[in-house]
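>>> I need the structure of the sequence given here:
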Amino acid sequence: FVAGYFYKDKYTAEPFHYIGTRLQSLWWPCVKYGFLFVCLHNLLFGLGIYSDAVGVPLVNERHMYDMAGFLTALWQAVTLHPLEEMALALWFIIMMIADLAIFCALSHLGSHCQRRWQQEAVLLGGVAAIYAAGCWLIGRGISLDYYFQLSCVLLLPTYMGYAWRRWGELLPLHWLWSLLGLAVVVYVYRRTGTWVDLSMN
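A predicted model of the protein is given here:
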């Protein structure tokens, strides 16, 4: 929602530049933290902070890295597959990159329309279609690389943040409208079964 609220229309004119800046501001910090956690892996294992007795789903096997394992883990950090346990909290950043790239692409597609309402219709229609595709994937238990199916359903609050700022420029919005909007988002996610449970990731 916050990312959508601060999305500016000038980004739409140069989508590749915008996506590049998002990669620089979001991808690079993930890589740095990923490298740090890979470098700490053997130390944490040796101190008993990591243990091979307890595993976490989707996390690398619990053992000391040899050189091949170390290089593999570094490559996973570069490609944003943060399988180090301490790096799992970065999963949301990875989806945010994809979410903003999709939103910018849809906005750019709509910008070719002549009338403002046509531009909004293309953007809203694209968001709705991709959200529906994400619901379909999640409903069938299909998981894509980088949790892409979750990026699809995160387009909804991204669009709502963008729309909230745009509508606020046209007419005064009372804070009660924000509560109504939140209730709508929660209702839609609950009804479609696409609630993003942070505790599971």
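>>> Give the buried residues for the helix or strand of the chain with the lowest mean pLDDT.
The weakest-scoring helix or strand in the chain, judged by mean pLDDT, DSSP states H and E, is helix 175-192 (a mean of 82). Residues of helix 175-192 classed as buried: 181, 188-189, 192 (neighbour count, 16 or more other CB atoms under 10 Å). For the C-beta atoms, the positions are set from N, CA and C on the backbone; glycine is no exception.
>>> In terms of distance to Met96, which of those ranks first?
When these are compared for distance to Met96 (CB to CB), Tyr189 wins out at 17.2 Å.
>>> For the closest one, give its distance to Ala101.
22 Å (CB to CB, to the nearest Å).
>>> which intervals of this structure have sub-threshold pLDDT?
Applying pLDDT under 70 to the chain flags residues 52-62, 82-83, 171, 173, 195-201.
>>> 50 - rerun?
201 (pLDDT under 50).
>>> for the residue lying closest to Leu155 once chain neighbours are set aside, what are its contacts?
Leaving out its chain neighbours, the residue that sits closest to Leu155 by CB to CB, 6 or more residues apart in numbering is Val127, at 4.8 Å. Shown in contact with Val127 (CB atoms under 8 Å, 6 or more residues apart in numbering): 103, 106, 155-156, 158-159.
>>> Now Val127: which helix or strand?
helix 116-139 (DSSP states H and E).
>>> Grab the nearest non-local neighbour of Tyr5.
That would be Gly161: by CB to CB, 6+ apart, it lies 3.8 Å from Tyr5.
>>> what's the one you found in contact with, if anything?
So Gly161 contacts 1-7 (CB under 8 Å, 6+ apart).
>>> Cheers, nothing more for now.
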